[in-house]
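Q: any chance you could fold what I've pasted below:
(one chain, ligands or ions: 2)
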Amino acid sequence: MSKLKIALQKSGRLSENSLNLLRECGLKFPNGNSKLIASATNFPLEILFLRDDDIPHYVEQQIADIGIIGENILLETPKQINTVKRLGFSTCRLSLAIPKDQELNDIQELNGKRIATSYPTILQNFFHEKGLNNSIEVLSGSVEIAPSIGLADAIFDIVSSGSTLRSNGLKEVFKVMDSEAILVSNPRLQDSKMVLLNKLLFRIDAVNNAKKFHYILLNAPNDQLETITNLLPGINSPSILPLAKPNWSSLHSVIPEDDLWDTIDTLKEAGAEGLLILPIDKMIR
Ligand code: PRT
Ligand code: ZN
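A: Ligands and ions are numbered 1, 2, ... in the order given. Sure, this is the predicted structure:
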């Protein structure tokens, strides 16, 4: 049977998260990525370890069928490949930054300034949209030193915690876009590979849905069950089991991660007691 080939970053900010996702999907493969190619032992999948910038080209040329990259890479060098799923890890933003002792009240004030970046296409598109005319200094790395050495007035770069900007005397003044890891695919996959991709996507959804919810068990007086059920509708509806204590029940459901603590407060006010919140490993709706 033909194997689905996935291109992953060999070493960098996407590598560990990408491999972890595959592991959470139940795939087993040799540890360590010192080799350039590895095969899963329990799924027809071959992993190619590459530099992230090369992945879109390999997927477009069908050397790899699918790949995991930062969204920013694809926007910078668009290719004939499909974005199949947003993966929610290796998140960052691409922002404009200026020396910290300067002020910028309006983005229009950047007009005519020199901006250093490794992402000229994204930046040019943004300037075009805003009607700005700037000269762009394209650098392949260490963009943040450009203002201090007199190469540029501002920079456009990836920001995560912001500490690189701060330690180079810069401050973020405008976020142009957010980015996260995405799963991309060649648009012309054979049917047999499509079956494998769909199988993998099903597992990724189960893993990612599980991260958005917790399992909750609680006890409540029967006269409060309706209120509590409305607060915890669960996947379909909660399970309710009678307790040995008269007129009390145990309710099992799922609770979204997003407003976990606010919901817990409301549940307590509604009379819930003995709440247990547990992680979910996989969730299939
Ligand atoms: O060697 P290879 O070409 O494969 O890797 P790379 O060095 O080009 O990429 P890598 O590993 O640095 O980043 C891969 C992808 O991770 C990027 O394309 C982004 O989509 C995403 N990502 C998430 C980041 C960051 N966070 C990040 N913080 N990419 C880069 N950075 C850098 C940024 O360039 C800046 O130098 O980290 C610094 C800023 O970090 P903070 O935390 O100080 O703000
Ligand atoms: Zn790279």
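
Q: tell me the domain ranges of this protein?
A: Per automatic domain parsing, the structural domains of the chain span 4-90+180-210, 92-178, 213-279.

Q: okay, those domains in a markdown table with distance to ligand 1, mean pLDDT and mean neighbour count next?
A: Quick note: C-beta positions are derived from backbone N, CA and C, even for glycine. Putting these into a markdown table (distance: least, C-beta to the nearest ligand atom, whole Å; pLDDT from 0 to 100; neighbours: other C-beta atoms under 10 Å) gives the following:
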| stretch | distance to ligand 1 | mean pLDDT | mean neighbour count |
| --- | --- | --- | --- |
| domain 4-90+180-210 | 2 | 96 | 18 |
| domain 92-178 | 3 | 97 | 16 |
| domain 213-279 | 21 | 95 | 14 |
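
Q: which among the ones you listed is found nearest to ligand 2?
A: Closest to ligand 2 of the domains of the chain, according to C-beta to the ion: domain 4-90+180-210, at 4.2 Å.

Q: which residue packs closest to S239, ignoring adjacent ones?
A: Among residues not flanking S239 along the chain, H252 sits closest, at 4.5 Å (C-beta to C-beta, 6 or more residues apart in numbering).

Q: what strand or helix carries the one you found?
A: Here H252 sits within strand 248-256, counting by DSSP states H and E.

Q: also L104?
A: Assigned by DSSP H and E, L104 falls within no helix or strand.

Q: ok, the closest residue to it other than its chain neighbours - contacts?
A: Spatial nearest neighbour of L104, chain neighbours left out: V173 (4.6 Å); criterion: C-beta to C-beta, 6+ apart. Neighbour list for V173: 95-98, 104, 154 [criterion: C-beta atoms under 8 Å, 6 or more residues apart in numbering].

Q: against P242, how distant is V173?
A: 60 Å (C-beta to C-beta, to the nearest Å).

Q: for N42, same thing?
A: Note on N42: its distance to P242, by C-beta to C-beta, is 42 Å.

Q: ok, now I145?
A: 68 Å.

Q: you'd agree K211 is in a strand?
A: No - K211: not assigned to a strand; according to DSSP: H, G, I helix; E, B strand; the rest coil it is helix.

Q: which residues touch it?
A: Contacts of K211 (C-beta under 8 Å, 6+ apart): E257.

Q: can you pull the pLDDT of it?
A: At K211, the pLDDT value in this model is 94.

Q: contacting residues around the following helix or strand past the strand holding H252?
A: Per DSSP H and E, strand 248-256 leads on to helix 260-269 as the next helix or strand towards the C-terminus. Helix 260-269 is contacted by residues 214, 218, 228, 231-232, 255-256, 275, 277 when judged by C-beta under 8 Å, 6+ apart.

Q: could you pull out the strands for the stretch 151-285 of the chain?
A: 154-159, 170-179, 181-185, 213-221, 239-242, 248-256, 273-279 (DSSP state E, counting those that start in this stretch).

Q: quick one: the last one to strand 248-256, angle?
A: Going by axes from the mean of the first three to the mean of the last three C-alpha atoms, to 10 degrees, strand 273-279 is angled at 40 degrees with respect to strand 248-256.

Q: partner strands of strand 273-279 and their direction?
A: strand 213-221 (antiparallel) (DSSP bridges).

Q: center of the chain, which residue is that?
A: Central residue of the chain (C-alpha atoms, centre = their mean): G88, 1.7 Å from the mean position.

Q: S18: what's it in contact with?
A: Contacts of S18 by C-beta under 8 Å, 6+ apart are 8-9, 68, 181.

Q: near ligand 2 at all, the one helix or strand it maps to?
A: Using DSSP H and E, S18 sits within helix 15-24. No - for a cut-off given as C-beta under 5 Å from the ion, helix 15-24 has no contacts with ligand 2; the smallest distance is 11.4 Å.

Q: tilt between that helix and strand 181-185?
A: Using the same axes, to 10 degrees, the direction of helix 15-24 lies 70 degrees away from that of strand 181-185.

Q: what parts of this protein come near ligand 2?
A: 52-53.

Q: returning to what we had before: distance of the residue nearest to L104 relative to K79?
A: 31 Å.

Q: also L278?
A: According to C-beta to C-beta, L278 and K79 sit 42 Å apart.
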